[in-house]
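1. got a sequence here, can you build the structure:
(4 chains)
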Protein chains: 2
Amino acid sequence: MPKRVDHGERRKLIADALMRVAAERGLEAVSLRHVATEAGVSAGMVQHYFGTKDEMMTFALAVVREHGEARVTRAVAALGDHPAPRTLLRTMLVELLPLDEARRADGRVALAFLAYTAVRPDVAAGLHRETAALLGFLADQIRAAQTGRPADHRVDPDRAAVGLLAVLEGLGIYLLGGHYPAETALAALDAQLDLICGPAQPAG
Amino acid sequence: MPKRVDHGERRKLIADALMRVAAERGLEAVSLRHVATEAGVSAGMVQHYFGTKDEMMTFALAVVREHGEARVTRAVAALGDHPAPRTLLRTMLVELLPLDEARRADGRVALAFLAYTAVRPDVAAGLHRETAALLGFLADQIRAAQTGRPADHRVDPDRAAVGLLAVLEGLGIYLLGGHYPAETALAALDAQLDLICGPAQPAG
DNA sequence: GTTTTTACAATGCAGTCGCAACGTATCCTG
DNA sequence: CAGGATACGTTGCGACTGCATTGTAAAAAC
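-> Okay, here's the model as predicted:
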C-alpha cells in the first residue's frame, strides 16, 4: 500500500467542513465544491473519499449523532457513579438542547438532516433504532425515578418517555428558531421533569 | 386593465404545486421549472406571478400556515359552543399532528421550511409572533382546565404551554420520520394532557 | 378605431451542480 | 530498481439553476 493516510480522519475533516457549511448556510448550500473550499482541500479530494454526495451526507449525519452521544457520555460521566435518576435525566437532556453556539450548529445540521431524511425513508432506518434505544433508556430512568412515589402521582413510564423525548425535540426546534430564550426552554424542561418525577428534591 | 385574472388564485395554484413537490421530493427539489411542471403551467407564468423564488417560498410558507389554521378552526367549530378546555386542547393538537397523508404532506413541508428559516432569521419573524400567540392561547386553556383542581396538582400554565407545544412539535417530527406509529403519539399526547389537566373526565 | 396595459410563452445566459475522466506525484512491494 | 497501487489535483461535460429579456396575444382604456 502507498502513502498511508488515515481515511477516517480525512473523512471526518471533510464531514466537519460539511457541517460548518450546513450550519451557516443551510443544507442546500452543501455542495462538493463548497465543502472542499471550507475544508481547504480540492474538490477532487472530497470526491476521492466520498464516491458520491449521498455517501458524504450519510457519513456526516453519523458524525452529528456521534457528537451528541459523546457530549452526553461526557456529561453523564461527570455525575459520578450513582446519580439520582432525575439528575441523570436532566443532565442528559440539557446536554442535547442547543444552548450554546456549538450545540446550535449541531442542532441546525440535525434539523436539516431531519428534513432531508423525511423524504428519503431508506436513510432513516438507523435513526429508528437509535430512537427506540433512547426511549427504552428514558423509560427505565423514569421508572427508577418513580419508586416510592404515591400511586396517584405515577405515570406510565413508556408514554412519559415518548413525551419527554418529544419535549426535548420540540424545545430544541423552538430554540433553534429563536422563538424563545434558553431560560424558557429550561423552565419548561424542568416543569416536565417535575410532572414525571415529582418536584426536585432539595439537597440533603 | 386587461384580461382580469385573480392573482391570488393563480398564486395559490402555484403554491399548491410547490407544496406537492416539496412534500414528495424535499424542498431542495423546488425549482421554478419543477413547480411549473407540477402546476401544469409554463415556467414563464410562475415567474410572472412571483418575481423571485424567495417571494414564492415565502408565499408558500404562509399558505402552509393557513392550512393548519383552517384545519384547527374547522375542527374547533365542530365542537360546539362551550367545549371543555381539555377537549378543546386535544382537538386542536390532534388536528395539527401529521396523522393522515394530507397532514403528513403539510408536515413535511412545514419541517422543510423550519430548516429553511433556521438559516434565514429575517423570514422567521412572523413565526415568532404566531408561536407567542399560540402559547398564550394554550396557557389560557390550561389555566381554565385547572380551575377546581387541588393545589398540589396544579402546574404553571405558561410553562405547561411551552411544554405542550414542544410535545406537539416533537411528536409531529417523530411521526413524520416514522419512528413510531400514530397510537404511540396519541397515547403520549393524552398522557401529557393528563399530566397537565388531570385525567380525562368520564362522560356524564 | 388606436393605444396601452396586462398575461403569458419562449429563449438565452451566466453560474452551479454532481460526477467521470483523466494526469501525476507519492509511497509500498517485490 | 521496476511495478503497481494509492492519493490526490485538474479539467470538462451535461444537466440544471434563477432570472432577464423578448415576443405575442388579448382585453381594457381612450
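
2. who does the lowest-mean-pLDDT helix or strand in chain A touch, helix- and strand-wise?
-> In chain A, no helix or strand scores lower on mean pLDDT, DSSP states H and E than helix A:101-118, which sits at a mean of 90. The contact analysis (3 or more CB pairs under 8 Å, 6 or more residues apart in numbering or on different chains; DSSP states H and E) places helix A:101-118 against helix A:7-25, helix A:53-77, helix A:157-176, helix B:101-118. Where C-beta positions appear, they are placed from N, C-alpha and C, glycine not excepted.

3. ranking the ones you listed by burial, who's on top?
-> Mean neighbour count (mean count of other CB atoms under 10 Å in any protein chain shown) peaks for helix A:157-176 among the helices and strands packed on helix A:101-118, with a mean of 25.

4. any idea of the mean pLDDT in the very next helix or strand once past that helix?
-> Heading C-terminal from helix A:157-176, the first helix or strand you meet, by DSSP states H and E, is helix A:182-197. Mean pLDDT, computed over helix A:182-197, is 97.

5. what does helix A:182-197 rub up against?
-> A:85-86, A:89-90, A:93-94, A:97, A:99, A:142, A:145-146, A:155, A:160, A:163-164, A:167-168, A:171, A:174-175, A:200, B:155-156, B:159-160, B:162-163, B:166, B:195-196 (CB atoms under 8 Å, 6 or more residues apart in numbering or on different chains).

6. what angle separates it from helix B:157-176?
-> Angle, helix A:182-197 to helix B:157-176, by axes from the mean of the first three to the mean of the last three CA atoms, to 10 degrees: 80 degrees.

7. go through helix A:182-197 and flag the buried ones.
-> Using 16 or more other CB atoms under 10 Å in any protein chain shown as the test for burial, helix A:182-197 gives A:184-197.

8. what is the nearest of those residues to residue A:13?
-> Residue A:13 lies nearest to residue A:185 out of the buried residues of helix A:182-197, by CB to CB, at 32.7 Å.

9. for residue B:17, see how far away the residue nearest to the spatial centre of chain A is.
-> Centroid-nearest residue in chain A, with CA atoms, centre = their mean: residue A:68, separated by 4.5 Å. From residue A:68 across to residue B:17, the span is 37 Å (CB to CB, to the nearest Å).

10. mean confidence score for stretch A:125-136?
-> pLDDT averaged over stretch A:125-136 gives 91.

11. revised request: answer the last question for stretch A:60-74.
-> 93.

12. residues in contact with the nearest residue to residue A:34 once chain neighbours are set aside?
-> Counting by CB to CB, 6 or more residues apart in numbering or on different chains, residue A:34 lies nearest to residue A:21, which is 5.3 Å off, once chain neighbours are set aside. For residue A:21, the contact set (CB under 8 Å, 6+ apart) comprises A:29-30, A:34-35, A:38.

13. next one: residue A:53
-> By CB under 8 Å, 6+ apart, the neighbours of residue A:53 are A:31-32.

14. check what pLDDT it gets.
-> 96.

15. repeat that for the one 3 residues further on.
-> The per-residue pLDDT reported for residue A:56 equals 96.

16. show the backbone phi and psi for the residue nearest to it when sequence neighbours are not counted.
-> Nearest residue to residue A:56 in three dimensions, chain neighbours excluded: residue A:50, at 3.8 Å (CB to CB, 6+ apart). Backbone torsions for residue A:50, taken as degrees, to the nearest 10, come to phi -130, psi 110.

17. burial check on residue A:50, number of neighbours?
-> 22 (other CB atoms under 10 Å in any protein chain shown).

18. now it: how far from chain B?
-> 18 Å (CB to the nearest CB, to the nearest Å).

19. again with residue A:131
-> Residue A:131 is 5 Å from chain B, by CB to the nearest CB.

20. what sits against that residue?
-> Counting by CB under 8 Å, 6+ apart, residue A:131 has contacts A:165, B:174, B:177, B:179-180.
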